[in-house]
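K.L.:
Make a model of this:
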Amino acid sequence: MKKYNIIPIREWFSPTVTPPLIIAGPCSAESYAQIRDTAFAISKISKVNIFRSGVWKPRTKPKNFEGAGNVALDWLLDVKKEFNLKTAVEVLSPIHVELCLKKEVDILWIGTRTTSNPYSVQEIAQALKGTNTIVLVKNPINPDINLWIGAVERLLNVGIQKIALIHRGFYPFEPTKFRNIPKWELIIDLKTQHSYFPVICDPSHIAGNTRYILPIAQKAMDLCYDGLMIETHIKPNEALSDNNQQLTPVQLKNLLDKISYCGNNDTVKHLELIKLREKVDSVDMQLLELLHYRMEIIKEMSAYKKHHQLPILQLQRWKQIVSSRLRKAKELNMNPNFIKSLLEIIHMEALRIQSEENTENNY
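P.N.:
Presented below is the predicted three-dimensional model:
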């Protein structure tokens with residue numbers, strides 16, 4: 001990939017903005033009062049540069065709230081003028097681009113589902129051709145860096161120079177404590193290969209729960225990200241979408257006051273080591289989540305065995321497990337003694353769980 005002339009964040013606005021760029025606002029535009037009250041509270045937080053809101057929300061199920069639609073652009077224009085805030089909106093089509101530009105929206109972002117569809121990105125890029133628009137591109141659903149960079153290239157090819165990536169995490173194959181797994185090591189790779197691309201973290205969508213937003217945001221700052229996009233609602237408990245991951249403006253201010261921003265030269269110096277550590281951490285977390293999932297299945301088996309009056313330990317089944325797993329270990333060139341010891345520890349824990357569930361259950 002050739003190196004493009006990317007305009008850095010500090011030159012996006014006049015007067016200039018010193019990174020990190022902080023973008024905050026509700027997941028969805030629900031009402032004029034909700035938008036105005038949230039914007040008013042956020043405007044009092046000096047570290048926030050941009051007010052964001054979802055106008056059109058691509059939801060998994062059609063009955064879920066999908067945003068207020070076009071009328072919300074008028075609400076955003078009002079708060080932009082009243083509180084002197086820049087505004088940011090997600091776009092999903094060329095029509096959305098046209099409507100946003102007419103209503104003086106300052107920043108457009110392309111959501112994760114749209115990024116995953118090159119055809120949709122190309123249509124949006126063509127609609128932006130010849131403009132000086134700031135565009136943010138969220139990562140695709142799956143950890144496909146080439147797909148993500150491909151979306152960026154489509155925008156660069158039509159002349160968009162004010163552009164940044166948004167890291168919002170990747171869809172997990174199994175349930176985890178996070179809504180989306182961050183896979184920090186991929187972002188380190190991306191920043192290493194394409195250092196001229198600004199990267200903004202969306203800890204709200206990675207976390208899925210406000211309790212995890214601070215550590216995720218701090219992790220992003222430790223890795224020298226260029227900004228944060230944090231969902232903020234005046235009354236999160238009443239939010240019509242993603243209420244678990246939205247902070248109040250007061251909580252947002254407290255979070256921003258606690259965060260320390262990148263200034264550690266060792267972080268940049270040892271990115272390769274950090275990347276390897278992140279890979280280990282990511283694998284460990286997945287192992288723990290999978291072990292938890294396995295033990296939940298064991299509990300289901302215990303209930304089945306109780307119902308059918310089967311014994312807890314079935315030796316033939318245990319021998320099959322050991323045999324098949326050791327064959328796999330051999331294929332992977334792993335130490336068979338280590339794998340057998342690991343299987344025995346897991347097996348003993350499974351037996352313990354079943355005994356506690358019901359001594360008549362079996363494994």
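K.L.:
For this protein, which segments count as strands?
P.N.:
21-25, 50-52, 86-91, 107-110, 134-138, 163-167, 199-201, 227-231 (DSSP state E).
K.L.:
Give the buried residues for the longest helix seen in the chain.
P.N.:
Longest helix in the chain, counting residues (DSSP state H): helix 271-308. Within helix 271-308, the residues that count as buried by 16 or more other C-beta atoms under 10 Å are 271, 274-275, 278-279, 282, 285, 289, 298, 301-302, 305-306. Glycine gets a C-beta too; all of them are placed from N, C-alpha and C.
K.L.:
Could you measure from the residue nearest the centre of the chain over to I345?
P.N.:
The centroid of the chain falls nearest to R168 when counting by C-alpha atoms, centre = their mean (2.3 Å). Distance, R168 to I345, by C-beta to C-beta, to the nearest Å: 36 Å.
K.L.:
now swap in E272 and tell me
P.N.:
Distance, E272 to I345, by C-beta to C-beta: 33 Å.
K.L.:
before we move on, what about H194?
P.N.:
Here H194 is placed at a distance of 43 Å from I345 (C-beta to C-beta).
K.L.:
So those two - more neighbours on which side?
P.N.:
More crowded of H194 and I345, by other C-beta atoms under 10 Å: H194, with 17 against 10.
K.L.:
Give me the distance between the more buried one and I187.
P.N.:
11 Å.
K.L.:
Which parts of the stretch 1-150 of the chain are helices?
P.N.:
32-43, 71-83, 94-102, 112-115, 118-128, 145-156 (DSSP state H, counting those that start in this stretch).
K.L.:
Name all residues that make contact with the residue nearest to F65 when sequence neighbours are not counted.
P.N.:
Nearest residue to F65, sequence neighbours excluded (C-beta to C-beta, 6 or more residues apart in numbering): L240, at 4.0 Å. Neighbouring residues of L240 by C-beta atoms under 8 Å, 6 or more residues apart in numbering: 28, 30, 65.
K.L.:
Equivalent analysis for A220, please.
P.N.:
A220 makes contact with 167, 201, 203, 228, according to C-beta under 8 Å, 6+ apart.
K.L.:
Now flag whichever of those residues is closest to K47.
P.N.:
K47 has its nearest neighbour among those in L228, at 9.6 Å by C-beta to C-beta.
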